[in-house]
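> Sequence and predicted structure, then a few things I'm wondering about:
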Amino acid sequence: MTEEQAGQNWKLIIAYDGTDYKGWQVQPGQVTVQGELQEALGRVTGEAPLPQGSGRTDAGVHALAQVASFELQAGIPEENLLRALNRTLPESIRVLSAERVAAGFHARYSTVAKTYEYRVFVERVNGEPRRICPPFLARYVLAYPWPLSLDALQEAAKAFIGTFDFLSFAATDPDQTMRESVLEDEDGEPVKNAIRTVFGSAWHEERTADGVLMIYRVRGSGFLHHMVRNMVGTMLDVGRGYTEASAIPAMIAARARAAAGPTAPARGLFMHSVEYPE
């Protein structure tokens, strides 16, 4: 079989506002990012491959640089595909780049690391008047009503760096015990264990004309379903003084979801970037 007959493997980098989508993955009767991209490919090329994403972001989660791969039989210049897709896709989804890649590349299975970002708008800052979250930010941040200590957040973030069993920070089915429920990764796929490696975990503060943003960034080998949002919810409890950062190692060791903090809302979470082998 010739390379032309086998089709060409493509890699797209995509940004999207996930507010109005039921997540990345195609679902019957629902509007999803993967579904919109598949339909756009059909309109542009006459083919409808199902793009495989680097991660299946949940409903309401955004992406700064989601990666998708698929095969096309059609011969089309890279720049032409980029322009044509952006013309036909909804404005809430933008293709940032399009390129042909080696046949063995897969957006999900070739990944070596992922980075997620979570954004918090702090409505109350000690010693300052209360700020109301502007409506044009509300879709992309968690508007937080309590003051937060950046030092406490940083101390909490450091506790997650390393290789641990993150079962306490995995999504659970409230109708099942942890022993009975199926453990899933961030892509909704069953996994055998909750051991993951976090390479970097840190908060920083940004002051804008609108107010104060606390931004968390975490880089790891992979994540469990809701893991980042559960970590953020726990750290926010530390940042407002409800919990001590020193309690996090015990939460991890407990291997029980009830030991950790709440799940932060989806709207503040962004897939920041995905890394692949050189």
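Received it, and whenever you're ready, just let me know what you need.

> can you tell me how far residue 129 sits from residue 212?
Noted for residue 129: a distance of 12 Å to residue 212, by Cβ to Cβ, to the nearest Å. (Each C-beta comes from the backbone N, C-alpha and C, glycine too.)

> Give me the more crowded residue out of those two.
Taking other Cβ atoms under 10 Å, residue 129 and residue 212 do not tie; residue 212 has more neighbours (20 against 6).

> Number of residues surrounding residue 197?
As a burial measure, residue 197 scores 14 neighbours (other Cβ under 10 Å).

> Where does it fall, secondary structure wise?
Per DSSP states H and E, residue 197 falls inside strand 195-207.

> and that strand, what does it pack onto?
Applying 3 or more Cβ pairs under 8 Å, 6 or more residues apart in numbering; DSSP states H and E, one finds that strand 195-207 contacts helix 150-158, strand 162-165, strand 212-220, helix 227-239.

> rerun that using 6 Å as the cut-off
Counting contacts by 3 or more Cβ pairs under 6 Å, 6 or more residues apart in numbering; DSSP states H and E, strand 195-207 is packed against helix 150-158, strand 212-220.

> OK, contacts around residue 22?
Residues near residue 22 by Cβ atoms under 6 Å, 6 or more residues apart in numbering: 30, 32, 59.

> For those, pick the one with the most neighbours.
Counting neighbours by other Cβ under 10 Å, residue 32 leads the contacts of residue 22 with 19 neighbours.

> pLDDT value on that one, please?
As predicted, residue 32 sits at a pLDDT of 96.

> Any chance you could give me the strand holding residue 197 in PDB, C-alpha atoms only?
Output of strand 195-207 as PDB, limited to C-alpha atoms (Å, rounded to 0.1, in the frame of the first residue of the first chain):
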ATOM      1  CA  ILE A 195      -0.400   6.400  40.700                       C
ATOM      2  CA  ARG A 196       0.600   9.500  38.900                       C
ATOM      3  CA  THR A 197       3.700  11.800  38.700                       C
ATOM      4  CA  VAL A 198       3.300  15.600  39.100                       C
ATOM      5  CA  PHE A 199       6.400  17.300  37.700                       C
ATOM      6  CA  GLY A 200       5.500  20.900  38.600                       C
ATOM      7  CA  SER A 201       2.700  22.500  40.700                       C
ATOM      8  CA  ALA A 202       2.600  26.300  41.500                       C
ATOM      9  CA  TRP A 203       0.400  29.300  41.800                       C
ATOM     10  CA  HIS A 204       1.000  32.900  40.800                       C
ATOM     11  CA  GLU A 205      -0.900  36.100  41.100                       C
ATOM     12  CA  GLU A 206      -1.900  38.500  38.400                       C
ATOM     13  CA  ARG A 207      -3.200  42.000  39.100                       C
END
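
> Having no further points to raise, I will conclude here.
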